[in-house]
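J.: pasting the sequence and the predicted model now:
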Amino acid sequence: MEISLTSTSLTDVKTECLVVGVPEGDSVEGTSAELDTLISDLIDSGDFKARSGSQMTLRNPQGLSAKRLVLLGVGKADSFDALAQNDAFVGLGKTLKGLPITEATLDLASLTRGDQGAQERLGYGLIWASYEYTTTKPKPTDDDAKVLGALTLIGSDSDQTHVTTGMTIGQGANVTRELGNLPGNTCTPRYLADQAVQLADRFSKLSCEVFDEDALEEIGMHCMLSVSHGSDEPARFIVLNYQGAKDADAKPKVLVGKGVTFDTGGISLKPSAAMDEMKFDMCGAATVMGCMQSICEMGLEANVIGVIAAVENMPSGRATKPGDVVKTLAGKTVEILNTDAEGRLVLCDALTYVERFNPEAVVDIATLTGACLIALGRHNTGLLSTDDQLADELYRIGRETGDPCWRLPIEAPYQKLLDSNFADMANIGGRDAGTITAACFLSRFTDKYRWAHLDIAGTAWFSGGKAKGASGRPVPLLVNWIRA
């Protein structure tokens with residue numbers, strides 16, 4: 001989307017659509033007498049309430065040069081926080097997308113109160129709302145349709161920079177959404193590998209290495225391979241390496257994504273209801289892809305490694321069975337009591353592999369447990385960590401960006417639930433504390449670095465109805481963590 005600046009007054013700006021924010025209890029900052037009178041009349045008459053996210057669209061507003069005026073309620077300053085801003089700006093983006101316009105002008109002072117974070121979230125919301133899945137459901141051709149392709153901002157150069165940053169993060173989230181929304185017969189482990197190679201080809205600071213099953217066997221990633229045994233679709237292990245730090249030897253931050261491109265549960269077959277949504281079981285991998293694109297586009301001065309462990313979990317005569325014992329890359333043995341607890345089997349080898357990068361910190365992202373959805377619903381991502389400082393960083397940034405996470409404990413008593421009579425550990429700990437025991441399992445492979453685990457089973461996608469589809473979370477959280 002093309003972005004430009006103007007200093008023209010709200011009264012005189014000529015545009016197909018002018019967007020102004022209206023706070024509760026106050027007039028618009030820096031507005032004209034004509035616009036202030038118009039808004040006051042609408043509020044006094046009860047036709048418009050400036051609650052956060054409320055909207056009104058007017059054609060040919062009296063006293064203005066704009067053809068349309070969109071009023072967006074921005075509520076009270078102390079309650080228009082990151083979550084409220086995300087909702088309001090996504091709603092604004094949807095409104096602008098639905099209007100027959102090719103350009104619009106936004107008054108940043110009234111929409112964001114001059115706050116950098118709000119400006120970034122405005123850019124993010126507009127780009128997030130612009131996404132539409134058409135890969136296997138193309139839109140009908142309409143030669144007369146108008147598409148919003150240009151935004152004019154009433155603000156400063158720094159304001160434009162912040163809005164553009166938010167848009168770049170939004171574009172990364174939309175990459176994540178697109179990959180998540182693709183059907184499992186399209187988005188396979190090999191497809192993910194191809195997309196990673198294509199991403200690396202676009203940026204000089206990004207390289208990509210892909211390992212096939214023969215290479216994984218030679219490396220010793222038998223636990224990961226045990227998940228793909230039942231599928232005709234071969235596993236792929238993908239390493240994206242971004243070198244952006246001024247010091248080439250600076251320790252990297254590492255993102256590790258679970259990439260189960262379809263999860264039937266294997267021999268421990270899932271119920272058929274909503275099994276189609278298991279195409280979203282690779283949203284951790286999709287998050288890594290989206291983050292790496294945003295990082296490259298922003299040119300961050302950091303070293304970042306994105307690792308994707310991609311498999312398909314299918315039942316067949318070759319599939320791993322309950323009771324089988326497999327050996328991890330770390331040399332530990334695992335008794336597989338439930339083949340539907342496959343994500344941790346994939347991730348444990350990936351978490352061992354990344355030791356070689358001597359990381360500053362590692363965060364894995366995975367749609368790991370249905371128990372996390374039960375515990376936290378679809379608002380908070382589950383956060384578990386053996387490092388208090390890292391956990392605090394992620395929690396704080398999640399709150400600041402409106403992409404929240406909530407910490408759950410990892411304590412010694414939970415580790416005992418993974419005891420096995422026939423291996424070093426079992427891959428499940430029973431029904432109790434399922435999200436915690438899954439993280440306990442992963443923690444056994446992270447002794448050599450700072451580590452946190454994000455369980456996105458409740459936040460990676462919207463379930464059912466017209467909203468069904470990948471959410472793009474937690475791309476904002478992680479990109480901002482890497483920026484910090």
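T.: Great, that's in hand. Numbering: from 1, shown residues only.

J.: alpha carbons of the helix or strand containing A84, in CSV - could you do that?
T.: Counting by DSSP states H and E, the element that carries A84 is helix 82-98. This file holds the C-alpha atoms of helix 82-98, laid out as CSV (Å, rounded to 0.1, in the frame of the first residue of the first chain):
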residue,chain,number,x,y,z
ALA,A,82,-3.5,-2.0,23.0
LEU,A,83,-6.3,-4.6,23.0
ALA,A,84,-8.9,-1.9,22.3
GLN,A,85,-6.8,-0.3,19.7
ASN,A,86,-6.3,-3.6,17.8
ASP,A,87,-10.0,-4.2,17.7
ALA,A,88,-10.8,-0.6,16.7
PHE,A,89,-8.2,-0.4,14.0
VAL,A,90,-9.0,-3.8,12.5
GLY,A,91,-12.7,-2.7,12.4
LEU,A,92,-11.6,0.5,10.7
GLY,A,93,-9.6,-1.5,8.1
LYS,A,94,-12.6,-3.6,7.3
THR,A,95,-14.8,-0.5,6.8
LEU,A,96,-12.3,1.1,4.5
LYS,A,97,-11.9,-2.1,2.6
GLY,A,98,-15.7,-2.2,2.0
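
J.: so which elements touch the helix or strand just after that helix?
T.: Moving toward the C-terminus from helix 82-98, the next helix or strand (DSSP H and E) is strand 103-107. Counting by 3 or more Cβ pairs under 8 Å, 6 or more residues apart in numbering; DSSP states H and E, the packing neighbours recorded for strand 103-107 are strand 18-23, strand 150-154. Where you see a C-beta, it was placed from the backbone N, CA and C, and this is true even at glycine.

J.: now those in JSON lines, with mean neighbour count, mean pLDDT and distance to G220?
T.: Converted to JSON lines, the helices and strands packed on strand 103-107 look like this (neighbours: other Cβ atoms under 10 Å; pLDDT from 0 to 100; distance: least, Cβ to Cβ, whole Å):
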{"stretch": "strand 18-23", "mean neighbour count": "25", "mean pLDDT": "96", "distance to G220": "56"}
{"stretch": "strand 150-154", "mean neighbour count": "21", "mean pLDDT": "97", "distance to G220": "51"}
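
J.: mind checking what secondary structure G53 has?
T.: State at G53, reduced to three classes by DSSP: H, G, I helix; E, B strand; the rest coil: coil.

J.: and it, what does it touch?
T.: L72, G73, G75, A84, D87, A88, G91 (Cβ atoms under 8 Å, 6 or more residues apart in numbering).

J.: which of those has the largest number of neighbours?
T.: Within those, most neighbours by other Cβ atoms under 10 Å means A88, with 26 neighbours.

J.: quick one: residues contacting that one.
T.: S52, G53, L72, G73, V74, F80, G125.

J.: which members of the residues you listed are positioned in strands?
T.: L72, G73, V74 (DSSP state E).

J.: could you chop this protein up by domain?
T.: 2-169, 187-483 (automatic domain parsing).

J.: how far off centre is the strand or helix carrying V307?
T.: Assessed by DSSP H and E, V307 sits inside strand 303-313. Put simply, strand 303-313 sits 15 Å off its chain's centre (Cα atoms, centre = their mean, to the nearest Å).

J.: so what does it touch, helix or strand wise?
T.: Against strand 303-313 (3+ Cβ pairs under 8 Å, 6+ apart) you get helix 189-202, helix 222-228, strand 236-243, strand 253-263, helix 283-298, helix 343-353.

J.: neighbours of A484, just the number please.
T.: 12.

J.: before we move on, back to that, hey, which of the domains of the chain is tucked in deepest?
T.: Ranked by mean neighbour count under mean count of other Cβ atoms under 10 Å, the domains of the chain are led by domain 187-483, which reaches a mean of 21.

J.: end to end on that domain, go ahead and measure it.
T.: Terminal residues of domain 187-483 lie 29 Å apart, using Cα to Cα, to the nearest Å.

J.: ok so, going back, compare the domains of the chain and say which comes out lowest on pLDDT.
T.: Of all the domains of the chain, mean pLDDT reaches its minimum on domain 2-169 (a mean of 93).

J.: now that domain, how far from the centre of its chain.
T.: On Cα atoms, centre = their mean, the centre of domain 2-169 falls 24 Å from the chain's centre.
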